[in-house]
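A.B. asks: below are the sequence and a predicted model for it; my questions follow.
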Amino acid sequence: MIDINLIRNNKELVKENIKKKFQDEKLPLVDEVYDLDKKYRDFKKHGDDLRSEKNNISSKIGALMRDKNVEEANACKEQVEKINEELETLEKDEEDLQAKIKEIMMKIPQIIDSSVPIGKDDSFNVEIEKFGEPKVPDYEIPYHADICEALSGLDKESAGRTSGNGFYYLIGDVARLHSAMLSYARDFMINKGFTYCVPPFMIRGDVVNGVMSFAEMDAMMYKIENEDLYLIGTSEHSMIGRFKDRLLKDEELPICLTSYSPCFRKEVGAHGLEERGLYRVHQFEKQEMVVLCRSEESMDFYNKMWQYTVEFFRSLDVPVRTLECCSGDLADLKIKSCDVEAWSPRQQKYFEVGSCSTLGDAQARRLGIRAKGKEGNYFVSTLNNTVVATPRGLIAVIENNYMPDGTIKIPEVLRPYMGGMEKIEKRK
């Protein structure tokens, strides 16, 4: 949610930003908020004037009563009563206007960074840099689900019976590799100075509204029937929600956290191979980075965070690249975002394994997260980034470490988490 002062003082900037995001249908919202805000401020000024008048009249009543000027004192009391009635109506109108303004403001996108490329959708995203040499071996790499099944490590058929499409059982050494990646990701981020956290896996509706737009919520979140609770789509949701309505000390910042959680999303898998694979599923696990900081620190953290993800995947022998997300591909709360994509030697192309975003003070404004500085209170900036989400990350490791004999070479950094195993092979 942007600062209302931007609309009061620079409507055209807000409109131009909406155009850059190709959301022209939202342009009328700016004028609507401007008019409602003007009306709200007029009401508020009138209310302040009435309160001042009420205080002046009330201050006279005691003296009039002491002077036994009962008739004039009673007249003053009647005036006060009329003002109270008018104030009651006015305050209700103020409250209704404020709620309407907030409802509309939550639909107006955050002002994007000037460095964001302009484009309508993800086809306009811009490659920034490649890390590691993308190789295609001289032997065939099967589909990842086939590799896992050949190693007795995947059972989607049974999951279909128990839970439906988009779910899976990971078994044996493949399941162990999956867990090893998450454990390594946890320690990797702890060694970067981040504090480890396991958050709640369900959050209330007001927290959901604070961390994402309604359109995102409707497309992603599972709601618990008859309760004001939602299953998280990523641990960022509950991690940021932890600071809701908090006034932090300036010296507490930056707060750097890394969190583990299962994640739940309504998205349906693509047709064909993806329905039996692990690329797009309803349930996965994730190690996340979350930072709360001062606004002037946010871009430095943004660049550090995506670089951590690149470093993480390179340590797993996975070539990656970074893509700058264009304006039309940015969610409404984001100022700037980039994706980290892993190389698929089977498909001979890259696929997304992580996303890093800086959201400015958008989430902080929605959730009331402020810090107390020397020059007054201010809204903090928030950032989030994927260390690894698996099984997507698992696919990248399997494909890039698949051997011609059908085994999977275990990257050296993961071997301590797998009892020293060097490869995964079919067990008798």
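C.D. replies: In hand now; what should we look at? What you see is a predicted model, and the numbers here were worked out from it, not measured in a lab. Numbers count the residues shown, from 1 in each chain.
A.B. asks: part of a helix, is residue 366?
C.D. replies: Yes. Per DSSP: H, G, I helix; E, B strand; the rest coil, residue 366 lies within a helix segment.
A.B. asks: give the contact list for it.
C.D. replies: Residues in contact with residue 366 (Cβ atoms under 8 Å, 6 or more residues apart in numbering) are 1, 106, 209-211. No exception for glycine: its C-beta is placed from N, CA and C like everyone else's.
A.B. asks: at 6 Å what do you get?
C.D. replies: Contacts for residue 366 (Cβ atoms under 6 Å, 6 or more residues apart in numbering) come out as 1, 210.
A.B. asks: one more: the one 4 residues further on?
C.D. replies: By Cβ under 6 Å, 6+ apart, the contact set of residue 370 is 247, 377, 379.
A.B. asks: now, among these, which is nearest to residue 355?
C.D. replies: residue 379 (22.9 Å; Cβ to Cβ).
A.B. asks: wouldn't that closest one be in contact with residue 363 here?
C.D. replies: No. The pair residue 379 / residue 363 is not scored as a contact, 9.1 Å apart, by Cβ atoms under 6 Å.
A.B. asks: between the two, who's got more neighbours?
C.D. replies: Ranked by neighbour count (other Cβ atoms under 10 Å), residue 379 and residue 363 place residue 363 first, with 28 against 20.
A.B. asks: avg pLDDT for the helix or strand hosting that one?
C.D. replies: Residue 363 belongs to helix 362-367 when assigned by DSSP states H and E. Taken as a whole, helix 362-367 has an average pLDDT of 95.
A.B. asks: how much space between residue 241 and residue 202?
C.D. replies: The spacing between residue 241 and residue 202, counted by Cβ to Cβ, to the nearest Å, is 11 Å.
A.B. asks: so which of those two has more stuff around it?
C.D. replies: Higher neighbour count among residue 241 and residue 202: residue 241, with 21 against 18, using other Cβ under 10 Å.
A.B. asks: nearest residue to the more buried one in space, please, no chain neighbours.
C.D. replies: Distances taken as Cβ to Cβ, 6 or more residues apart in numbering place residue 207 nearest to residue 241, at 3.7 Å, with adjacent residues excluded.
A.B. asks: three-state assignment of the one you found?
C.D. replies: Residue 207 ends up helix, using three-state DSSP.
A.B. asks: what's downstream of the one helix or strand in the chain whose mean pLDDT sits lowest, the next helix or strand?
C.D. replies: Here the helix or strand of the chain ranked lowest by mean pLDDT, DSSP states H and E is helix 273-276, holding a mean of 56. Going down the chain from helix 273-276, the next helix or strand is strand 283-293, by DSSP H and E.
A.B. asks: average pLDDT for that next one?
C.D. replies: Mean predicted lDDT for strand 283-293 stands at 96.
A.B. asks: and the helix or strand that that strand is followed by, what's its mean pLDDT?
C.D. replies: Counting by DSSP H and E, the next helix or strand C-terminal to strand 283-293 is helix 298-314. Helix 298-314 comes out with an average pLDDT of 98.
A.B. asks: quick one: residues in contact with helix 298-314.
C.D. replies: 131-132, 188, 289, 291, 293, 320, 338, 340, 354, 356, 358, 381, 383, 385, 387.
A.B. asks: if you look at those, which of them are in strands?
C.D. replies: 131, 289, 291, 293, 320, 338, 340, 354, 356, 358, 381, 383, 385, 387 (DSSP state E).
A.B. asks: and which of those residues is nearest residue 8?
C.D. replies: residue 381 (21.9 Å).
A.B. asks: in the longest helix along the chain, which residues are buried?
C.D. replies: In the chain, with assignment by DSSP state H, the single longest helix is helix 27-66. Neighbour-count burial for helix 27-66, with 16 or more other Cβ atoms under 10 Å as criterion, is recorded at 29-30, 33-34, 36-37, 40, 43, 47, 50, 54, 57, 61, 64.
A.B. asks: do stretch 203-217 as well
C.D. replies: 203-204, 207-208, 210-213, 217.
A.B. asks: same question for stretch 362-376.
C.D. replies: Applying 16+ other Cβ under 10 Å to stretch 362-376 flags 362-367, 369-371 as buried.
A.B. asks: sorry, back to before: tell me the helix or strand right after the longest helix of the chain.
C.D. replies: Heading C-terminal from helix 27-66 (DSSP H and E), you reach helix 70-105.
A.B. asks: just the mean pLDDT for that next one, thanks.
C.D. replies: 88.
A.B. asks: and it, what does it pack onto?
C.D. replies: Under the contact definition 3 or more Cβ pairs under 6 Å, 6 or more residues apart in numbering; DSSP states H and E, helix 70-105 sits against helix 27-66.
A.B. asks: quick one: the residue of the chain most remote from its centre from residue 60, how far?
C.D. replies: Distance from the centre of the chain peaks at residue 68, with 66.1 Å (Cα atoms, centre = their mean). Separation of residue 68 from residue 60 (Cβ to Cβ): 14 Å.
A.B. asks: ok, back up a step: distance to residue 101 for the ones in strands among the contacts of helix 298-314 - can I get that in a markdown table?
C.D. replies: Putting those into a markdown table (distance: Cβ to Cβ, whole Å) gives the following:
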| residue | distance to residue 101 |
| --- | --- |
| 131 | 45 |
| 289 | 33 |
| 291 | 30 |
| 293 | 28 |
| 320 | 43 |
| 338 | 33 |
| 340 | 38 |
| 354 | 36 |
| 356 | 32 |
| 358 | 26 |
| 381 | 23 |
| 383 | 27 |
| 385 | 32 |
| 387 | 38 |
